[in-house]
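[1] Build me a structure from this.
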Amino acid sequence: MRRVVVTGMGAVTPVGNNVETMWESLKNGKSGICLVTRYDPALTKAKLVAEVKDFDPTEYIEKRECRRMDLYTQYAMAAAAQAVKNSGIENNIEPERFGVYVGSGVGGIATFYEQCENMFNDKNISPFFIPMMISNIAAGNIAIKHRAQGPCLPVVTACSTSTHAVGEAFRAIRFGYADAIITGGAEAALHPLAIKGFTSCKALTMSDDPENASIPFDKRRNGFVLGEGAGMLILEEYEHAVNRGATIYAEICGYGNTCDAHHVTAPDPEAAGAGRCVKLALEEAEYKKGEGLYINAHGTSTPMNDSTETKAFKLALGDEAYKAHISSTKSMTGHMLGATGAVEAIAAVMALREGIIPPTIGYKEPDPECDLDYTPNKAVEADVDLAISTTFGFGGHNACIAFRKI
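    Below you'll find the model as predicted:
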């Protein structure tokens, strides 16, 4: 089996529109959560969101093309362009060996709503409606832009989307189906329809205080804050990367993929599937007891996720769970749905590379059911050997990826 490494990264997030800015924000506990400005806050009960700010798609896409892309695809194109440039892989790989594994949990919901309004008001439906809305189109547009003619696979597994995309890309390279893959996810669902939908299933916080809204693992937590953006990584076969002199940020060395098969929205309270998912990733990564470990947790700030996830870490690690450095960067970015896994994978890689654990901000009241080290409020320095990122999605989808220093 071939080794696989990370050679490029790109991000568009509520705390920065590139990896450098995002990482500085995360290290310093800077939150991107605010009162919604995308639409009139009076339209929804949940009023706090994590918006991408000051985003200019024309830095990456021609203005004419922007009009033919939903915002989620624009985010994806921007993050992918950053990652490709950061890696230096363009023109250094055979197109047939270059792939794209990029997904979205929701796809073009704003486009869908807009065209529904056109239909209800007897207006013409845009000829670009379908290719703007569908969840695979970000992957297709990225492949076209970067002439990636190898395997192209959009993954859709709700909140686990981009972690699964990265994991499946890892396997594709490891077993010889490609030499490099642009992988990650994108989401732009800050729309009243989505907000009202998540509110109806009691997933969102009703807090109007940005500092006490997205508070993972805190006893006061009562729902997540919806975010948006995109995260992309370039995964590459190790020898291919070395031969072209690429910068290697980390080695991706483990992947777990399981399903609770329990409930459409609620996690299995016993955490059996989630625990097995984490254990599978750790086993493939050849984790050894006593190694320094960082976990970028799913940590959504919902009562069920955070306690169940804590239980999953204990099932996978035993007493070693109490020694692991854990944090939820959703305390700053909100929940970016299909983009969250890739953005958090980047945070895990940067934590591993710099030896800095980003904090879980807003943490005030410990929960007896969440009794691990969640790195409360301030970043800490820690020389960790292994970093993992977990995501769990509606439908019982569990995903975990592991990275090592190299």
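
[2] contacting residues around stretch 139-153?
    69, 73, 76-77, 80-81, 84, 90, 95-103, 154, 165, 168, 172, 177-179, 181-182 (CB atoms under 8 Å, 6 or more residues apart in numbering). Heads up, the C-betas are built off the backbone N, CA and C, glycines and all.

[3] Tell me how far the residue located most distally from the centre of the chain lies from Thr183.
    The centre of the chain is farthest from one residue, Asp122, which by CA atoms, centre = their mean lies 38.3 Å away. Separation of Asp122 from Thr183 (CB to CB, to the nearest Å) stands at 42 Å.

[4] least trustworthy helix or strand in this protein by mean pLDDT?
    helix 63-66 (a mean of 95; mean pLDDT, DSSP states H and E).

[5] For that one, what is the distance to the chain centroid?
    Its chain's average C-alpha position is 26 Å from that of helix 63-66, according to CA atoms, centre = their mean, to the nearest Å.

[6] Adjust the sequence numbering to begin at 7 for everything that follows.
    Right, with 7 as the first residue, what we last looked at is helix 69-72.

[7] Which residues outside it are in contact with it?
    Contacts of helix 69-72 (CB under 8 Å, 6+ apart): 63-64, 80.

[8] Show the buried residues in those residues.
    63, 80 (16 or more other CB atoms under 10 Å).

[9] Could you point out which of the contacts of helix 69-72 is nearest to Pro222?
    Gln80 (28.5 Å; CB to CB).

[10] just checking, the closest one is part of a helix?
    Yes: if the criterion is DSSP: H, G, I helix; E, B strand; the rest coil, then Gln80 is within a helix.

[11] Could you check how far the closest residue to Gly109 other than its chain neighbours is from Val172?
    In this structure, Gly109 finds its nearest non-sequential neighbour in Val161, 3.8 Å apart by CB to CB, 6 or more residues apart in numbering. Remark: distance between Val161 and Val172 (CB to CB) = 9 Å.

[12] which residues do these two both contact?
    In contact with both Val161 and Val172: Tyr107, using CB under 8 Å, 6+ apart.

[13] Compare those two and say which is more crowded by neighbours.
    Val172 (33 against 28; other CB atoms under 10 Å).

[14] Spit out the contact partners of the more buried one.
    So Val172 contacts 107, 189-190, 239, 241, 258, 347-348, 351, 407 (CB under 8 Å, 6+ apart).

[15] Apply 7 Å and report the result again.
    By CB atoms under 7 Å, 6 or more residues apart in numbering, the residues touching Val172 are 189-190, 239, 347-348, 351, 407.

[16] try Val270
    So Val270 contacts 400-401 (CB under 7 Å, 6+ apart).

[17] Could you check the pLDDT of it?
    Reading off the confidence values, Val270 has pLDDT 96.

[18] Just to be sure, it is in a strand?
    No: Val270 is assigned coil when assessed by three-state DSSP, not a strand.

[19] separation between it and Gly402?
    Distance, Val270 to Gly402, by CB to CB: 8 Å.

[20] that older thread, would you list the contacts of helix 69-72 in JSON lines and tack on pLDDT and distance to Leu49?
    Listed next are the contacts of helix 69-72 as JSON lines, based on pLDDT from 0 to 100; distance: CB to CB, whole Å:
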{"residue": "Pro63", "pLDDT": "98", "distance to Leu49": "25"}
{"residue": "Thr64", "pLDDT": "97", "distance to Leu49": "29"}
{"residue": "Gln80", "pLDDT": "98", "distance to Leu49": "23"}
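
[21] could the contacts of helix 69-72 go into CSV alongside distance to Ala48?
    As requested, the contacts of helix 69-72 are exported to CSV (distance: CB to CB, whole Å):
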residue, distance to Ala48
Pro63, 28
Thr64, 32
Gln80, 27
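
[22] what's the closest of the contacts of helix 69-72 to Glu290?
    Among the contacts of helix 69-72, and counting by CB to CB, the member closest to Glu290 is Gln80, at 34.6 Å.

[23] For that closest one, list the residues it contacts.
    Contacts of Gln80 by CB under 7 Å, 6+ apart are 63, 67, 72.

[24] Apply 8 Å and report the result again.
    So, once contact is read as CB under 8 Å, 6+ apart, Gln80 ends up touching 61, 63, 66-67, 72, 194.

[25] Would you mind giving the domain segments of this protein?
    Domains of the chain are assigned by automatic domain parsing as 10-249, 262-410.

[26] can you pull the buried residues of whichever strand or helix holds Asn263?
    According to DSSP states H and E, Asn263 maps onto strand 256-265. Using 16+ other CB under 10 Å as the test for burial, strand 256-265 gives 256-264.

[27] What segments of the stretch 207-356 of the chain are helices?
    244-249, 278-290, 309-323, 336-339, 346-360 (DSSP state H, counting those that start in this stretch).

[28] Pass me the low-pLDDT residue ranges in the protein, would you?
    Residues of the chain meeting the criterion pLDDT under 70: none.

[29] Lys384 against Leu32, yeah?
    No: using CB atoms under 8 Å, Lys384 makes no contact with Leu32, being 11.9 Å away.

[30] The two: which is more packed in?
    Leu32 (30 against 14).

[31] picking up where we left off before, residues touching the residue farthest from the centre of the chain, list them.
    Asp128 neighbours (CB under 8 Å, 6+ apart): none.

[32] Give the full set of residues in contact with Asn263.
    170, 173, 283, 286, 404-405.

[33] I'd like the helices of the stretch 207-356 of the chain as CSV, with distance to Leu210 and mean neighbour count appended.
    As requested, these are exported to CSV (distance: least, CB to CB, whole Å; neighbours: other CB atoms under 10 Å):
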stretch, distance to Leu210, mean neighbour count
helix 244-249, 41, 17
helix 278-290, 22, 22
helix 309-323, 13, 22
helix 336-339, 13, 29
helix 346-360, 15, 28
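
[34] quick one, which of these is nearest to Ala200?
    Among the helices of the stretch 207-356 of the chain, helix 346-360 sits nearest to Ala200 (CB to CB), with 14.6 Å.
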